[in-house]
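In: All I have is the shape, not the residue letters:
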């Protein structure tokens, strides 16, 4: 026989209650943050390639402090007179050459600061595409500036060799600026309120680099000693080229798959090809051939 129903016990109001659940939104990712314990393989490859080529230069007898113009020309430096008269490959090789250990060290420091962050925004393959395409566009800008400001009587710009990774590094800065306006693949899956906003620090760094490029050439007048040549045309060309390539690589970020990837790389290759073709097409080839006949042997003669 069932017993009498028992009354349920009353809850003790003084008993400890579990704390109410709280919601803490995750912090938005920082564009300029990087894990010091991780570094992208693509960035390491670029660093190793630049340093390795410089070591080969030194091993072959090139001065480790101040390489001569003839030595840099022999290694593939971007000499506008030669680049515009059949040696277009110098647009590529010049970005991996450096005039001395100080030049190399400054560029590698800048590369160390930007390559991994560009990788975080765009991924490994796109970062390499930005570096290479932006570096070529920077070389194009350098040659174009020299050609437009030179003449048969004053061919100094056409006879000034340009080398260094700074144009390609500025291209990475440009791509990071493009990512401020176009959401790159890294952040497209995040809700709009969790995506990082405008990065004033990045803009300040880019502006500082541009200003320094304009100021350095005038320091020799102020301090009374020679300052190494700064190819500001390559810096500006690399920055603008990087913005263009970055926009192509970040455009329509939700479009994934082999076809979308192929379209992005094809558009980048088309942009670079069009710029190089225009550079060569509008150059006064007849005048340049005459100049090369006169000045070419002197530019390739070994330094005494």
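Out: Right, received. Where do you want to start? The shown structure was predicted, so the numbers you read here are calculated from the model rather than taken from an experiment.
In: how far away is residue 176 from residue 243?
Out: Noted for residue 176: a distance of 9 Å to residue 243, by C-beta to C-beta, to the nearest Å. No exception for glycine: its C-beta is placed from N, CA and C like everyone else's.
In: Between those two, point out the one with more neighbours.
Out: residue 176 (27 against 22; other C-beta atoms under 10 Å).
In: Now that one: which helix or strand?
Out: Per DSSP states H and E: residue 176 is located in helix 166-181.
In: Just after that helix, pick out the following helix or strand.
Out: Note on helix 166-181: by DSSP H and E, the next helix or strand toward the C-terminus is helix 200-215.
In: packing partners for that next one?
Out: helix 166-181, helix 232-250 (3 or more C-beta pairs under 8 Å, 6 or more residues apart in numbering; DSSP states H and E).
In: Would you mind finding the most buried of the ones you listed?
Out: helix 166-181 (a mean of 27; mean count of other C-beta atoms under 10 Å).
In: That helix - contacts with which helices or strands?
Out: Against helix 166-181 (3+ C-beta pairs under 8 Å, 6+ apart) you get helix 101-122, helix 124-148, helix 200-215, helix 232-250.
In: The closest residue to residue 295 other than its chain neighbours: what's it in contact with?
Out: Nearest non-adjacent residue to residue 295, counting by C-beta to C-beta, 6 or more residues apart in numbering: residue 159, 5.9 Å away. The contact partners of residue 159, by C-beta atoms under 8 Å, 6 or more residues apart in numbering, come to 79-81, 295, 299.
In: And residue 130, by the same measure?
Out: 118, 122, 171-172, 175, 242, 245-246, 249 are the contacts of residue 130 under C-beta under 8 Å, 6+ apart.
In: nearest to residue 276, of those?
Out: Among the contacts of residue 130, residue 245 lies closest to residue 276 (C-beta to C-beta), at 14.1 Å.
In: Surely the closest one and residue 268 touch.
Out: Yes - with contacts counted by C-beta atoms under 8 Å, residue 245 reaches residue 268, the gap being 5.5 Å.
In: shared neighbours of these two, anything?
Out: Shared contacts of residue 245 and residue 268, defined by C-beta under 8 Å, 6+ apart, comprise 129, 133.
In: any idea of the angle the host helix or strand of residue 262 forms with helix 124-148?
Out: Assigned by DSSP H and E, residue 262 belongs to helix 258-281. Interaxial angle, helix 258-281 versus helix 124-148 (axes from the mean of the first three to the mean of the last three C-alpha atoms, to 10 degrees): 10 degrees.
In: Please compute how far helix 258-281 lies from its chain's middle.
Out: 17 Å (C-alpha atoms, centre = their mean, to the nearest Å).
In: Over to stretch 291-304?
Out: 32 Å.
In: got it, and stretch 240-257?
Out: 14 Å.
In: contacts for that stretch?
Out: 121-122, 126, 129-130, 133-134, 136-138, 141, 170-179, 181-185, 188, 260, 264, 267-268, 271.
In: where does the stretch 51-200 of the chain dip in pLDDT?
Out: Counting by pLDDT under 70, the stretch 51-200 of the chain contains low-confidence ranges at 184-200.
In: ok, residue 134 to residue 165 distance?
Out: Plainly put, residue 134 is 11 Å away from residue 165 if you go by C-beta to C-beta.
In: separation between residue 150 and residue 81?
Out: 9 Å.
In: more neighbours, those two?
Out: Between residue 150 and residue 81, counting by other C-beta under 10 Å, residue 81 is the more crowded of the two (26 against 20).
In: tell me which element that one falls in.
Out: Using DSSP H and E, residue 81 falls in helix 80-83.
In: ok now that helix, how far from the chain's centre?
Out: Remark: helix 80-83 is offset 23 Å from the chain centroid, using C-alpha atoms, centre = their mean.
In: now for it, which elements pack on it?
Out: Using 3+ C-beta pairs under 8 Å, 6+ apart, the elements in contact with helix 80-83 are helix 90-93, helix 124-148, helix 285-300.
In: Packed most tightly, which of the ones you listed would that be?
Out: Using mean count of other C-beta under 10 Å, the stretch among the helices and strands packed on helix 80-83 with the largest mean neighbour count is helix 124-148, at a mean of 24.
In: tilt between that helix and helix 166-181?
Out: Counting by the same axes, to 10 degrees, helix 124-148 lies at 120 degrees to helix 166-181.
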